[in-house]
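Student: Whatever this is, show me its structure:
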Amino acid sequence: MHVVQLQGAGQNPSHAIAVARCGYDLAIEPLACDQINSLIDFRARLAAAAEGAGQRPTADQLIQFGHMLFTFTVRRTIETIYNRLPNSHIRLHIYSNRPDLQALPWEYLQQPGTTPGPNSLRSVVRIVPTIGVEPQDPLKLDKALRMLFVYAEPVDQTAVAWLDIKESIEREFQVRLPDNFQLDLVQGATRQSLFDALDTKPYDVLNFAGHGELASDGTGHLLLKDFKTQKSDPISASQLGLLLRNKNLRLLMLSACSTSGGDFAKEFAVLAKTVVQSGVPAVVANQFPVTNSIAAKFAGAFYKELLRSGDVDQATTNGRIALAFEPPLPGGAARFEWGIPTVYRHVGAAQIFDRGSG
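Tutor: Numbering: from 1, shown residues only. Sure, this is the predicted structure:
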């Protein structure tokens, strides 16, 4: 297994370094911090376009942005290591103690001279530093796999095509695990119904289909349904982390908007990051808003690869490739949805299922 770690370090806004390690090769290079503002500005442009509040960049502009991300980090001796990598699956571990670097959409990273779009042999992975948290052994697929599928449709939010997402998941599991798959459904989830479901029996995977939002202070929330008013009941990142702590989940899939976005300078503000810190090994979430059709297409391709390889990094990349394979948009506009899904995980939690069984 080959891993490249690309670390951005340092709190001084004018100083940061990148560290790359692959096997016994190690390189350290300063980052060109004068480029950070340009990268942050383009991220804001992508976020606005995903929210429907701004114009989409062109396909060429998105490619150029990917090249900027690459050359910003992969330079000099780090580029030497990168160019020596074998033509096999490589995990690009991204982690930093700088909020501005954490917030960058690294999923669009694009090596110049390569075919535009996600690379099936280069998985971009967000590593969340943890201490005292050990990942579980991969689940053997000859044993029952238990999924809790949760959706919420508060009356003050747009409808969620949760059934499309659920059916896309069930199709893949019925092919691979026709006798070993159990799915329980929580419809119109409230705080109490979600708590009761998780308190009743253990689950391996929790898949939430619904809405997510960022509060004005940059804190991420899942929107459940208030029992009395039927309107939105925001569940903060820290509350979700508290609920899922010690539940022995192997994977949390958040088919909801902005569930890996937020204020990275605040502790326990980003949903995906907070849940990993709380002990869930891997979280797949979206850094920008997504449509129902995008969520369903990604989920189907993601679970197909996860059941085939057991590898959450490869599964996320497979889902992103499915999104990138959509027809081009008219007028040269960029189809950037493929870079919205992200995977946040424990450093030792790549293998979710045992691919040698089942």
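
Student: give me the low-pLDDT residue ranges for the stretch 251-358 of the chain?
Tutor: By pLDDT under 70, the low-scoring segments of the stretch 251-358 of the chain are 355-358.

Student: check contacts around the closest residue to residue 276 other than its chain neighbours.
Tutor: Computed as C-beta to C-beta, 6 or more residues apart in numbering, the closest residue to residue 276 that is not its neighbour in sequence is residue 128, at 4.1 Å. Just so you know, the C-beta spots here come from the backbone N, C-alpha and C atoms, and that holds for glycine as well. Residue 128 is in contact with 95, 273, 276, 277, 344, 345, 346, counting by C-beta atoms under 8 Å, 6 or more residues apart in numbering.

Student: Likewise for residue 250?
Tutor: Per C-beta under 8 Å, 6+ apart, neighbours of residue 250: 136, 139, 204, 205, 280, 281, 282, 352.

Student: Check those and tell me the two furthest apart.
Tutor: Spatial extent of the contacts of residue 250 (C-beta to C-beta) is set by the pair 139 and 280 at 14.1 Å.

Student: ok, those two, which is more surrounded?
Tutor: Applying other C-beta atoms under 10 Å to residue 139 and residue 280 shows that residue 280 carries more neighbours, namely 28 against 21.

Student: residues in contact with the more buried one?
Tutor: So residue 280 contacts 244, 247, 249, 250, 251, 252 (C-beta under 8 Å, 6+ apart).

Student: which residues in the stretch 101-250 of the chain form helices?
Tutor: 162-176, 191-200, 237-244 (DSSP state H, counting those that start in this stretch).

Student: can you list the domains in this protein?
Tutor: 2-127, 139-354 (automatic domain parsing).

Student: ranking those by burial, who's on top?
Tutor: domain 139-354 (a mean of 20; mean count of other C-beta atoms under 10 Å).

Student: Ends of that domain, what's the gap?
Tutor: 6 Å (C-alpha to C-alpha, to the nearest Å).

Student: What pLDDT is listed against residue 84?
Tutor: Note on residue 84: pLDDT of 92.

Student: show me what contacts it?
Tutor: 22, 25.

Student: And it, how close does it get to residue 91?
Tutor: 16 Å (C-beta to C-beta, to the nearest Å).

Student: go on, residue 326?
Tutor: From residue 326 to residue 91 the distance is 25 Å (C-beta to C-beta).

Student: Kindly report the same for residue 79.
Tutor: For residue 79 relative to residue 91 (C-beta to C-beta), the value is 18 Å.

Student: ok, now residue 280?
Tutor: 19 Å.

Student: What's the first helix or strand after the helix of greatest length in the chain?
Tutor: Longest helix in the chain by number of residues (criterion: DSSP state H): helix 292-309. Moving toward the C-terminus from helix 292-309, the next helix or strand (DSSP states H and E) is helix 312-324.

Student: now the residue of the chain positioned farthest from its centre: how far from residue 220?
Tutor: Of all residues in the chain, residue 228 has its C-alpha farthest from the mean position, at 32.6 Å, by C-alpha atoms, centre = their mean. For residue 228, the distance to residue 220 equals 24 Å [C-beta to C-beta].

Student: Ok, residue 15 next?
Tutor: Look at residue 15 and residue 220: by C-beta to C-beta, they are 29 Å apart.

Student: about what we covered before: of the contacts of residue 128, closest to residue 117?
Tutor: Using C-beta to C-beta, the contacts of residue 128 come closest to residue 117 at residue 344, 21.7 Å.

Student: Show me the beta-bridge partners of that closest one.
Tutor: Bridge pairing for residue 344 (DSSP bridges) gives the partners residue 126, residue 283.

Student: Surely it and residue 286 touch.
Tutor: No - Residue 344 lies out of contact with residue 286 (C-beta atoms under 8 Å); the separation is 11.3 Å.

Student: got any residues that touch both of those two?
Tutor: What both residue 344 and residue 286 touch, as defined by C-beta under 8 Å, 6+ apart, is the set residue 260.

Student: Let me know whether residue 153 touches residue 188 as I believe.
Tutor: Yes - with contact defined as C-beta under 8 Å, residue 153 counts as touching residue 188 (6.2 Å).
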